[in-house]
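# Next comes the sequence, and after it the predicted model I'd like to discuss.
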Amino acid sequence: MKLSAENVTKEFIRKTGKSNHFSAVNDVSLTLESGRLTVLNGRSGSGKTTLLNMLSGLLSPTKGRITLDGEDIYALDDKRLSRLRNQRFGVIPQGQTAIHSLTVLENILLPFSLYRESGEAEQKYALELAERLGIAQLCEVRPAELSGGELRRMAIARAVIRRPSVIFADEPTGDLDDENTALVFGFLRELSAQGSAVFIVTHENNAAGYADEVYRMNGGKLEISE
Amino acid sequence: MKSLTLKNLLGRPVRTAALTALAALLSFAVFIGTMIVLSLGNGLDSLEARLGAEVMTVPYEAATKKKFEDVILQGMTGYFYMDKSKLDEIAALDSVGDISAQLYLASTGSNCCSMPVQIIGFDPETDFTVTPWIKKSGGGQLKELDIVVGSDLNAFVGDKLSFYGVECNVAAKLDKTGTTYDTTVFTNIDTIDRLIQSSLDKGMNDFKNLKPENIVSCLLINSADGYSPEETMNDINLHVKKVKALRSKNMISGISSSLDGVSGMIRTLIIAVWALGVVILLLAFTMSVNERRKEFAVLRVMGSSRSKLAGMVFKEALSVCIAGSAVGCVIGLIVLIPFGGAIEQKLSLPYLLPGPAAVLMCVGGTLILAAASGAAAAVLSAWRMSRIDTGLVLRGDN
Amino acid sequence: MEKNNKGIIFGIVLTVLSLALCIGVKTAFKACGPMENGMYMNCHKAENAAAVAGAVLAVLSVLIIAIKNKGARVALSALTAVGAVVSAILPNNVIKLCMMDTMHCHTTMRPFIVVVSVIIAVVSAVSLIVNAVSKD
């Protein structure tokens, strides 16, 4: 499995100010492969999240292509692209992203429930994941009662429940303590070892220790990091 | 897992209850308002049908002193008489087709009723207004001392009622008409002759020195072929002294315009309430969805298509509106049916609830209107959520 | 504990409804006024009977709140339901009302008694079921 960004550029139009256009991502090429963990560093506003969104099928590039096994994902219509995202990609977005009217278990099963595919086997796997991430005892609880670390672990379980080919993590350890940070990175490393391509956008310095490749985003341009 | 829509609604019970209550209130207003307008129209049609004849002729004083109108339209009790020779005189006119006499009497409180009751006697051989109506309500031929009671009288077939000491048998109970006839007792000429005689004997009649077999109160007339009701009325007023001929249509025209006024006011109120309600629903749904922008963004990230997101918003709005509308209609039925009498009294107009089919159609119409309003109120939010910029939304809160 | 709360909520709702019946039938939804000679008509008896029924139902409802025992609550709910049904059939069936359906006792008092009594009967039936199936 290969997910490639081929010379992608993303331009935005600023709503205020004299110079209207700016490039958040400028002529970037990158390939994510099965079994490899890639880390992307960079300052705030350098275009990291924009690149992640383009790779994960959430934002179409102004120029260039995003291909999955050679096929341009943005050539698909919204329905098929959304289905692809649901089945092949797992995204751990920035911040707290729980659906508050659902329990923890229901949140984890959401990728299946969206397409009414949640059955006994899926429930069983969800409970296993929750166990693995140390939140099994919270399955019937609502997100409002969880700590930041517990919510993040729930988001991880939700992102990986479908055993996706590619896992995207945007600042997955943003508001976690050292113990939880290590737990999260360790888990993501495990997933990559099991065959998923893992792509992490982070400020964390010690993330590099878990990575096969480390990149740096600087003013919209991608650089390989030492 | 229960549908996400249901979970979202149940997850915010106070907000969902408030929106449902708003939808219920709107639907209640529309349903009740519509049913009242329909019932008023039904009542007027019923009154016109019950009057039965194109022209009615009464003693001159009874018309000029509004006594006749008070009895027929205002539900008051009264009686007035003219010589029976007027019947022959009027029947001889060329413009007069069918003609039938009625005799009026009012009971006192006595042992039958806590209030005076209007009694109308008709001639079974010539009658063309009351007999078909009795037949329709399941009654047959009236024997001596048989009476037929209006639907609002608390008496049933087999009961015995006494008027001026004469015991009568309730032979039939008429269907509801929504008019003053619902509190009237009908009987044939022979029986009412006996009642009038008894009232005279007891000195309880306002008139003295009458022979019941020589008097009539009201003549019901249909015009002859080739003559209009207007011509027949003018003919009678011109050629017959001490009587007044009235067109039934003119009698009810006053009521008809009051009714139009009331109905028009109700319709305006319904539209105003509904329009305001849709605006409030629009604001409420927009706020509710906006608050959950992040959750919608997350659903998009999980693989929900734009149309699915829009569909979720619509489903929530429709669920709330239809559920609220159902509650509103149920409450409307609870108010309308048991308290129909009180509504009728307050309006003081002919008022007759339409049949079950019309009621069901009104319920159906209200539900459809509620669904359409919910959809309209959700359109803006649904469109916005389907266009959501996930990256911007998710980053925005961090 | 949650089930106990549910039992109490039913008791409160029933108390409010019963008091509404008792007070309502004596105020906004009362029978016809006295006749010219000062005497009351038969419908006044129905008004008094409904007020008494409402008061009795209120007492039963308060007991539902106060008594925690599951069996007792079930029995009280059943009694309340039966009492409400009796209250509903009182006007015009047990105690005759005025002659004309256009009078106040028919247009206002009777529908009020019937509607509120039926609601009390339904709520107490639900209370009976909820208490009966609760694990206590």
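Good, I have the coordinates.

# C-alpha only now, for contacts and for neighbours.
Fine.

# Quickly check: the longest strand that chain B contains near chain C or not.
Secondary structure of chain B read by DSSP state E shows that its longest strand is strand B:96-106. No - remark: strand B:96-106 sits outside contact range of chain C, by Cα under 8 Å from any Cα of the partner chain, the gap being at least 14.4 Å.

# who does that strand touch, helix- and strand-wise?
Using 3 or more Cα pairs under 8 Å, 6 or more residues apart in numbering or on different chains; DSSP states H and E, the elements in contact with strand B:96-106 are helix B:85-91, strand B:118-122, helix B:189-201, strand B:215-216, strand B:218-223.

# swap the cut-off to 6 Å and go again
On a contact count with 3 or more Cα pairs under 6 Å, 6 or more residues apart in numbering or on different chains; DSSP states H and E, strand B:96-106 meets strand B:118-122, strand B:218-223.

# For the next helix or strand along the chain from the shortest one, buried residues please.
Note on strand B:118-122: by DSSP states H and E, the next helix or strand toward the C-terminus is helix B:130-136. Applying a neighbour-count criterion of 16 or more other Cα atoms under 10 Å in any protein chain shown, the buried positions in helix B:130-136 are B:130, B:131, B:133, B:134.

# now swap in stretch A:213-223 and tell me
Applying 16+ other Cα under 10 Å to stretch A:213-223 flags A:213, A:214, A:215, A:216, A:217, A:218, A:219, A:220, A:221, A:222 as buried.

# from the residues you listed, which two are the most distant?
Taking Cα to Cα, the two most distant members of those are A:213 and A:219; they sit 19.7 Å apart.

# If I look at residue B:118, what pLDDT would I see?
On the pLDDT scale, residue B:118 is placed at 91.

# Excluding chain neighbours, what is closest to it?
The shortest distance from residue B:118 to any residue other than its chain neighbours is 4.6 Å, reached at residue B:106 (Cα to Cα, 6 or more residues apart in numbering or on different chains).

# Spit out the contact partners of the one you found.
Contact criterion Cα atoms under 6 Å, 6 or more residues apart in numbering or on different chains gives B:77, B:78, B:117, B:118, B:119 as the residues in contact with residue B:106.

# just checking, residue B:55 touches residue B:250?
No - because the distance of 9.7 Å does not satisfy Cα atoms under 6 Å, residue B:55 is recorded as not touching residue B:250.

# what ranges of chain A fall below the confidence cut-off?
Counting by pLDDT under 70, chain A contains low-confidence ranges at A:15-19, A:226.

# Take the longest helix along it, keep the C-alpha atoms, and write them as CSV.
Determined from DSSP state H, the single longest helix within chain A is helix A:178-193. Backbone C-alpha positions of helix A:178-193 (Å, rounded to 0.1, in the frame of the first residue of the first chain) are rendered in CSV as follows:
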residue,chain,number,x,y,z
ASP,A,178,4.7,11.9,29.8
GLU,A,179,3.3,8.5,30.7
ASN,A,180,0.3,8.9,28.4
THR,A,181,2.6,10.3,25.7
ALA,A,182,4.8,7.2,25.8
LEU,A,183,1.7,5.0,25.8
VAL,A,184,0.3,6.7,22.7
PHE,A,185,3.5,6.6,20.7
GLY,A,186,4.2,3.1,21.7
PHE,A,187,0.7,2.0,20.5
LEU,A,188,1.2,3.8,17.2
ARG,A,189,4.5,2.1,16.7
GLU,A,190,2.8,-1.2,17.4
LEU,A,191,0.2,-0.5,14.7
SER,A,192,2.8,0.4,12.2
ALA,A,193,4.6,-2.9,13.0
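
# neighbours of the residue lying closest to residue B:101 once chain neighbours are set aside, just the number please.
The shortest distance from residue B:101 to any residue other than its chain neighbours is 4.6 Å, reached at residue B:219 (Cα to Cα, 6+ apart). Counted by other Cα atoms under 10 Å in any protein chain shown, the residues lying close to residue B:219 total 23.

# Tell me how far residue B:219 lies from chain A.
Distance check for residue B:219 against chain A: by Cα to the nearest Cα, to the nearest Å, it reads 74 Å.

# gap between the residue lying farthest from the centre of chain C and chain A?
Within chain C, residue C:37 marks the point farthest from the mean C-alpha position, 31.9 Å out by Cα atoms, centre = their mean. As judged by Cα to the nearest Cα, residue C:37 and chain A stand 66 Å apart.

# can you confirm residue B:203 is in a helix?
No - assigned with DSSP: H, G, I helix; E, B strand; the rest coil, residue B:203 falls outside any helix and is coil.

# So what does it have for phi and psi?
Geometry field for residue B:203 lists phi and psi as phi 70, psi 20, criterion degrees, to the nearest 10.

# so what's it scoring on pLDDT?
The per-residue pLDDT reported for residue B:203 equals 83.

# element containing the closest residue in space to residue B:327 that isn't next to it in sequence?
Taking Cα to Cα, 6+ apart, and ignoring the residues beside it in sequence, residue B:327 has residue B:24 as its nearest neighbour in space, at 5.7 Å. With elements delineated by DSSP H and E, residue B:24 resides in helix B:13-51, which encompasses its position.

# Quick one: distance of that helix to the chain centre.
12 Å (Cα atoms, centre = their mean, to the nearest Å).
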